[in-house]
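**Student:** I would like to see how this sequence folds:
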Amino acid sequence: MSQEPPASITIVDNAGRERRQRVEYTVVDVHSETVYVTSGGLQYIRDSLWAKGRQRFLLTELDRIPDVISRPDIVIWDSSASDDTLIYYKQLYIQSEHRRWLVAAVVKLRQGLKFLYNFHLQESGKVKGYHLDIPPEIWYLDPQQRKRTFGL
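**Tutor:** Residues are numbered from 1 along each chain as shown. This is a model prediction of the structure:
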C-alpha cells in the first residue's frame, strides 16, 4: 500500500535555518529511500540554472529529475559537504543540444530526510572530486557502468 507524501516538510538549509517547504512529489531512489522534491528546491534550481546562462537549456529537462534519482549511473558522497550530500549522476541525451550530457542531482540528507537540493550539468563529464588523491566514496554504481567512465 503506497503512502501519500506529506504536504510539506521542514528542511534545514546550509546555514542551519529551518524552512517549511511544500512537497511537489517524491522519488524512490536506488536504495528504496524516499527523496522529497519541494517547491522551494525546484525554484532554487530554476534560479540557479537561469543564472548560469549556458545551462539554461536544462530548464526544459526538469521533468527528468525522477529518472536521474531513481535510475542513476553512479551516486557518490560529496566529500566537501560533511557527509550530508549525495550526488546522483546520469548521462542523458538532451534533444535540444543534440548530445549526451552528464547531469547531477544533488540530494541533501538532514534530520533523516533526503531532499533535492540542486540539478545541473557536470560539464567535465566526471564526478566531483575525481581528481583528488582520495577519490569520492561511491554509494551506488549501476552494474552496467564502469568507474573509469566517471574518472574514478
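
**Student:** Could you point out the helix or strand that follows the longest helix along the chain?
**Tutor:** When the chain is parsed with DSSP state H, its longest helix is helix 39-52. Where DSSP states H and E defines the elements, the next helix or strand beyond helix 39-52 is helix 65-70.

**Student:** Which elements pack onto that following helix?
**Tutor:** Judged by 3 or more C-beta pairs under 8 Å, 6 or more residues apart in numbering; DSSP states H and E, the packing partners of helix 65-70 are strand 18-28, strand 34-38, strand 85-94, strand 99-110, strand 113-121. To be clear about C-beta, it is placed using only N, CA and C from the backbone, and glycine gets the same treatment.

**Student:** Can you give me the buried ones in it?
**Tutor:** Residues of helix 65-70 classed as buried: 65-66, 68-69 (neighbour count, 16 or more other C-beta atoms under 10 Å).

**Student:** circling back: in CSV: the helices and strands packed on helix 65-70, plus mean pLDDT, mean neighbour count and distance to His131.
**Tutor:** What follows is the helices and strands packed on helix 65-70, written out as CSV (pLDDT from 0 to 100; neighbours: other C-beta atoms under 10 Å; distance: least, C-beta to C-beta, whole Å):
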stretch, mean pLDDT, mean neighbour count, distance to His131
strand 18-28, 94, 15, 30
strand 34-38, 96, 21, 28
strand 85-94, 96, 20, 15
strand 99-110, 95, 19, 15
strand 113-121, 95, 21, 18
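
**Student:** Appreciated, that's everything.
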